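# The amino acid sequence is not available; the structure is as follows:
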Ligand code: SF4
C-alpha cells in the first residue's frame, strides 16, 4: 500500500505542559530520586510511563497526609487554595508548576467574585483545572459543561442573574462553543436586567490550534489523532478533526493503528492534543509508514 504521512507541526505539548515536565525532569536529574505529582502531570499514558521510569510518582489528595516533608509537584492545571493550606500544614515542599495562564485566570475569578459578581465557568465538571478555579471562590460558582447544562441551569434559575455576572472559560474549551454559551447567557442576563462580563480565557495556544487543526484535517485524506484517553483537550480537538474530516481515527499509541483504515494512495495526517508528546506522534507516523 502506498501512503504519504505528514505530522502536524503545531501539534505537541503546549507551553504549560512543557514547563511542568521540564521542571520535574530538572528536579529528578538534580539529585531528587522521587518526586510526587499531585494528579497526572500530563494526560498521556505513554509520556507518564516515561516519567515514572525517571522517578515521578503520581498521587492523589488522599495521599497527602503520608507525604509529610516530601516534594510534591502541582501540575499545570493548578490547585485550589485549600491544597496549598494543607501542604503547608503537613510541611510538604511544593514544586508549583501551575501554568501562568491558569494562575491569571484564577486571579481574575477571585477579583470578580470579590467585586460582588456571580461567577459562571464554562468547563468540564470535576476537571482538575475547574476544581482549582471553583476553589478560588470557595465553590460559589456555577460550572456548565455544555449548552444543555446551561439551559437546565437557566430553567432552574441562576442566582444573581439580575445583577453582575462574570463568565469565564476553562483554558482548553472550544472557542466556538464558548461563543454560543456566551450568546445564550447574555440574552438571559439582559432579560433579567443584569450585566454580563465575558472574559476571553481560552488559552491562545489552544484557540489558534483550533483554526489550524481544522485546515490540517481537511487537507488530508485520513487523520490519525493521537491522545491519551483522559485528555479533555484531546476530546475537544478530536471532535473538531472528526467534524472537518469524517475519516478521523483516535489512537493512544502506535499499537492502536489499524491498517484497515487506510486506502492505497492516502495522504495521512498525524496530529494530537496539547498533552501529546512529539515523540509519540513520530512513533505513530513511523508505524503507519511501516504499513507501506
Ligand atoms: S493549554 Fe494553555 S493554559 Fe493550559 S496548560 Fe497549556 S499553555 Fe497553559
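Perfect, I can see it now. Here the structure is a predicted model, which means the values were calculated and not measured. Numbers count the residues shown, from 1 in each chain.
# Contact residues of the stretch 1-150 of the chain facing the ligand?
Contact residues, the stretch 1-150 of the chain versus the ligand (C-beta under 6 Å from any ligand atom): 14, 15, 16, 17, 76, 99, 101, 102. All C-beta atoms are positioned from the backbone trio N, CA, C, and that covers glycine.
# Name the residue of the stretch 151-292 of the chain with the shortest distance to the ligand.
Per C-beta to the nearest ligand atom, residue 203 is where the stretch 151-292 of the chain lies closest to the ligand, at 3.0 Å.
# Domain map for this protein?
With domains defined by automatic domain parsing, the chain comprises 4-12+204-290, 15-99, 101-198.
# got a markdown table for those domains, with mean neighbour count and mean pLDDT too?
Listed next are the domains of the chain as a markdown table, based on neighbours: other C-beta atoms under 10 Å; pLDDT from 0 to 100:
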| stretch | mean neighbour count | mean pLDDT |
| --- | --- | --- |
| domain 4-12+204-290 | 19 | 94 |
| domain 15-99 | 17 | 95 |
| domain 101-198 | 18 | 96 |
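# what's the neighbour count on the residue of the stretch 151-292 of the chain closest to the ligand?
Residues lying near residue 203 (other C-beta atoms under 10 Å) number 22.
# That one contacts residue 172, doesn't it?
Yes - in terms of C-beta atoms under 8 Å, residue 203 counts as a neighbour of residue 172; the distance is 6.5 Å.
# I'd assumed residue 168 was in contact with residue 199.
Yes - using C-beta under 8 Å, residue 199 makes contact with residue 168 at a distance of 4.9 Å.
# now the helices for the protein?
15-29, 45-52, 81-90, 100-114, 128-135, 147-156, 175-191, 204-218, 232-244, 278-290 (DSSP state H).
# rewinding a little: list residues touching both of residue 199 and residue 168?
Shared contacts of residue 199 and residue 168 (C-beta atoms under 8 Å, 6 or more residues apart in numbering): residue 108.
# State the distance from the residue of the stretch 151-292 of the chain closest to the ligand to residue 230.
As for residue 203, its distance to residue 230 is 18 Å (criterion: C-beta to C-beta, to the nearest Å).
# likewise residue 102?
Distance of residue 102 to residue 230, given as C-beta to C-beta: 18 Å.
# check contacts around the residue in the chain that the ligand sits nearest to.
Of all residues in the chain, residue 16 sits closest to the ligand, at 2.5 Å by C-beta to the nearest ligand atom. When contacts are counted by C-beta under 8 Å, 6+ apart, residue 16 touches 76, 99, 100, 101, 102, 203, 274.
# Between all of those residues, which two are separated the most?
Pairwise distances across the contacts of residue 16 (C-beta to C-beta) peak at 15.0 Å, for the pair 100 and 274.
# shouldn't residue 285 be in contact with residue 3?
No - applying C-beta under 8 Å, one finds residue 285 not in contact with residue 3, separated by 10.2 Å.
# and residue 225, what is it in contact with?
Counting by C-beta under 8 Å, 6+ apart, residue 225 makes contact with 234, 237, 238, 241, 242, 248, 249, 250, 251, 271, 272, 273.
# Which residues does stretch 274-289 contact?
Against stretch 274-289 from outside (C-beta under 8 Å, 6+ apart): 3, 5, 7-8, 11-14, 16-17, 42-44, 46-47, 172, 205-206, 209, 224, 226-228, 231, 233-234, 251, 253-255, 257, 262, 268, 270-272.
# 7 Å instead, please
For stretch 274-289, contacts defined as C-beta atoms under 7 Å, 6 or more residues apart in numbering pick out 3, 5, 7, 11-14, 17, 42-44, 46-47, 172, 205-206, 224, 226-228, 231, 233-234, 251, 254, 257, 268, 270, 272.
# Pull up the residues of the stretch 151-292 of the chain that are close to the ligand.
Taking C-beta under 6 Å from any ligand atom as the criterion, the neighbours of the ligand within the stretch 151-292 of the chain are 171, 172, 203, 205, 206, 274.
# try it again with 5 Å
Where the stretch 151-292 of the chain comes near the ligand, counting by C-beta under 5 Å from any ligand atom, the residues are 171, 203, 205, 274.
# Looking at those, which are in strands?
Among these, no member falls in strands (criterion: DSSP state E).
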